[in-house]
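Chemist: pasting the sequence and the predicted coordinates here, then a few questions.
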Amino acid sequence: MLDFRGKNAVITGGSRGIGRAISLGLARQGANIVISYASHDSEADEVIEAAQKYGVNAYKIKVDQSDPYESIKFAEGAISALGKVHVLVDNAGICPFEDFFRISVGLFEKVWKVNVESHYFITQRIAKNMIENGIKGRILLISSISAHVGGEFQTHYTTTKSALNGFMHSIAIVLGKYGILVNSLEPGTILTDINKEDLSNEEKREYMERRTVVGRLGLPEDMVAPALFLLSDDNTYVTGTELLADGGMLINLQ
Ligand code: RM4
């Protein structure tokens with residue numbers, strides 16, 4: 001089960017949070033990995049060192065995913081490092097919480113380019129590599145509970161997470177004929193750097209914890225098993241779907 005020996009995986013945003021957890025989960029199960037990261041060099045180095053302890057090849061590529069051309073170059077670099085790619089995790093994302101009326105064109109475009117546009121073109125290039133090599137690969141987009149519910153200070157961010165699901169549905173159709181399965185994982189509120197400041201507000205944090213049915217916010221490690229199932233050869237028929245991993249937060253109205 002969840003055997004990734006001999007597999008090559010590309011994970012964007014792999015130096016921290018959910019991307020780091022999934023990267024190390026894949027390496028632990030035998031996958032060679034290439035991670036993208038934006039700025040946290042030491043964290044990226046730590047992930048590479050930790051992955052290599054599992055006996056796999058591991059590489060890091062620093063990239064500004066707000067530039068689609070840099071994102072395409074990242075995909076080319078990952079292919080140069082790995083040759084063939086079996087697994088892609090479109091994870092990198094930013095969420096600068098901001099009042100709707102204070103969001104500039106520049107801020108919106110940056111969030112859009114990192115969260116959506118970069119993954120559109122990275123996926124396009126990696127999927128082409130899978131097809132060229134006859135690989136019945138697996139692609140996972142890290143969407144969010146926020147594709148289904150709003151956030152007062154996340155008008156830009158929630159838009160991108162819904163967009164990722166729309167992209168996922170369509171490429172699941174395009175790639176299905178090649179045996180490539182494509183899904184979204186929808187984390188709930190997971191404790192990572194992306195929301196550290198936001199959740200430093202105790203009242204909000206307590207509200208979010210109570211909103212789950214398990215009484216706690218998620219950890220990056222909680223995302224590993226659901227992600228690895230969707231990315232593994234044990235998944236033989238699930239494609240075009242959205243898997244919530246939110247501790248019951250979405251359904252807990254009353
Ligand atoms: C998630 C969800 C969480 C938030 C992060 C930034 O999709 O909205 O509540 O903390 O994004």
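Modeler: On my side now, so go ahead.

Chemist: can you map out the helices along this structure?
Modeler: 17-28, 41-52, 68-82, 105-112, 118-132, 155-176, 202-211, 224-231 (DSSP state H).

Chemist: ranking these by burial, who's on top?
Modeler: Among these, ranked by average contacts under mean count of other Cβ atoms under 10 Å, first place goes to helix 17-28 (a mean of 26). Yep, even glycine has a C-beta here, placed from its N, CA and C like the rest.

Chemist: list the helices and strands that one packs on?
Modeler: The helices and strands touching helix 17-28, judged by 3 or more Cβ pairs under 8 Å, 6 or more residues apart in numbering; DSSP states H and E, are strand 8-11, strand 32-37, helix 41-52, strand 87-90, helix 224-231.

Chemist: give me that answer again for 10 Å
Modeler: On a contact count with 3 or more Cβ pairs under 10 Å, 6 or more residues apart in numbering; DSSP states H and E, helix 17-28 meets strand 8-11, strand 32-37, helix 41-52, strand 58-62, strand 87-90, strand 138-142, strand 181-187, helix 224-231.

Chemist: and Lys177, how many neighbours?
Modeler: 8 (other Cβ atoms under 10 Å).

Chemist: and it, how close does it get to Ile171?
Modeler: Noted for Lys177: a distance of 12 Å to Ile171, by Cβ to Cβ, to the nearest Å.

Chemist: show me what from the protein comes close to the ligand.
Modeler: 95, 144-146, 151, 154, 189, 194-195, 198 (Cβ under 6 Å from any ligand atom).

Chemist: how close does Leu244 get to the ligand?
Modeler: 11 Å (Cβ to the nearest ligand atom, to the nearest Å).

Chemist: can you check Val56 too?
Modeler: Between Val56 and the ligand the computed distance is 29 Å (Cβ to the nearest ligand atom).

Chemist: need phi/psi at that residue.
Modeler: For Val56, the backbone dihedrals (degrees, to the nearest 10) come out as phi -110, psi 160.

Chemist: what's the distance between the one residue in the stretch 1-150 of the chain that gets nearest to the ligand and Ile18?
Modeler: Closest contact between the stretch 1-150 of the chain and the ligand, by Cβ to the nearest ligand atom, is at Ser144 (3.3 Å). From Ser144 across to Ile18, the span is 10 Å (Cβ to Cβ).

Chemist: list residues touching both of these two?
Modeler: Listed as contacting both Ser144 and Ile18 by Cβ atoms under 10 Å, 6 or more residues apart in numbering are 93, 185, 187, 190, 245.
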